[in-house]
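J.: Show me the folded form of this:
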Amino acid sequence: MFRSVLFCLAICLAGASAAQEAPALYDVTGVASDDHLNIRAEPEAGAAQIGTLAPDATNIEITAINEEGTWGRLNTGEGSGWASLSFLEMQPGSAMPDAAEVGCFGTEPFWSYRVDPDSIASWSELGEDPVTLLAGDTRRVDAGLHPFVSVAAAPDLQAILVMTPKFACSDGMSDRLYGLGATLVLTGKVSRAVTGCCMLTAN
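T.: Numbers count the residues shown, from 1 in each chain. As a prediction, the model looks like this:
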């Protein structure tokens with residue numbers, strides 16, 4: 001009996017952990033149609049309200065979870081806030097390395113790199129024409145939970161994107177905070193080694 005209880009407890013804890021991952025995409029749930037979900041400045045009910053989410057809001061990127069696992073951080077406007085995870089449900093398969101679409105970016109110089117659900121990667125930088133590549137599946141490093149690696153190629157161009165979970169990755173231009181740091185290396189007709197942040201987007 002005791003062994004069965006321990007087994008059930010382990011399964012429940014594993015399920016709870018899997019249901020609260022970050023970064024990942026979440027949907028609002030359990031909020032009345034005439035109500036809203038508050039976004040607060042800190043992960044506590046008494047913190048200042050800085051925004052709201054509609055009762056049917058979907059594809060919300062939660063970039064971090066507080067230590068207690070009760071609040072999720074999200075970006076709103078030019079900053080970030082916290083919403084109660086009691087009213088947010090994670091979309092299956094939306095966390096790394098299974099996320100369908102990832103957008104990465106950085107400054108000095110301004111650049112962006114996106115991998116879409118069709119395994120098409122695109123690189124762009126200020127003042128230059130965009131370049132597209134064919135990307136393979138994003139995967140974890142061998143014998144590790146992270147970082148996550150995406151490799152892409154095109155004629156005369158190769159790209160390796162390494163994404164590492166970070167509690168607070170900043171774009172350096174706003175108070176928005178992201179959950180993935182990026183290191184991107186391109187070789188060939190474009191030669192760059194840049195760092196920045198990544199965000200998950202809906203396909």
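
J.: any idea how far the residue nearest to S174 when sequence neighbours are not counted lies from G93?
T.: Nearest residue to S174 in three dimensions, chain neighbours excluded: E78, at 4.4 Å (C-beta to C-beta, 6 or more residues apart in numbering). In short, each C-beta sits where N, CA and C put it, glycine included. Going from E78 to G93 by C-beta to C-beta, to the nearest Å gives 30 Å.

J.: domain assignment for the protein?
T.: 2-90, 102-200 (automatic domain parsing).

J.: Make TSV out of the ones you listed and add mean neighbour count and mean pLDDT.
T.: Below are these laid out as TSV (neighbours: other C-beta atoms under 10 Å; pLDDT from 0 to 100):
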stretch	mean neighbour count	mean pLDDT
domain 2-90	16	86
domain 102-200	16	95
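
J.: for A32, what are its contacts?
T.: P55 (C-beta atoms under 8 Å, 6 or more residues apart in numbering).

J.: Look up how far A45 lies from it.
T.: 18 Å.

J.: Repeat that for P92.
T.: For P92 relative to A45 (C-beta to C-beta), the value is 28 Å.

J.: And V31, by the same measure?
T.: Distance of V31 to A45, given as C-beta to C-beta: 15 Å.

J.: Distance from the longest strand along the chain to the middle of the chain?
T.: Across the chain, the longest stretch assigned as strand under DSSP state E is strand 157-170. Taking C-alpha atoms, centre = their mean, to the nearest Å, one finds the center of strand 157-170 at 11 Å from the center of the full chain.

J.: Give the partner strands of that strand in its sheet and their orientations.
T.: strand 148-154 (antiparallel), strand 177-188 (antiparallel) (DSSP bridges).

J.: could I get these as TSV with distance to F105?
T.: Formatted as TSV, these follow (distance: least, C-beta to C-beta, whole Å):
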stretch	distance to F105
strand 148-154	15
strand 177-188	8
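
J.: Looking at those, spot the one closest to F87.
T.: strand 177-188 (19.7 Å; C-beta to C-beta).

J.: still on that earlier bit, what residues does the residue nearest to S174 make contact with?
T.: S174, D175, R176.

J.: Among those, which ones are in strands?
T.: Going by DSSP E, the strands hold none of the contacts of E78.

J.: between those residues, which is nearest A83?
T.: R176 (15.1 Å).

J.: Outside of the strand or helix carrying T195 itself, list whatever touches it.
T.: Assessed by DSSP states H and E, T195 sits inside strand 192-200. Strand 192-200 is contacted from outside by 23-25, 61, 63, 94, 96, 99, 101-107, 111, 125, 163, 166, 169-171, 178-186, using C-beta under 8 Å, 6+ apart.

J.: where exactly do the helices run in the chain?
T.: 2-19 (DSSP state H).

J.: wait, A121 sits on L134?
T.: Yes - with contact defined as C-beta atoms under 8 Å, A121 reaches L134; the gap is 7.3 Å.
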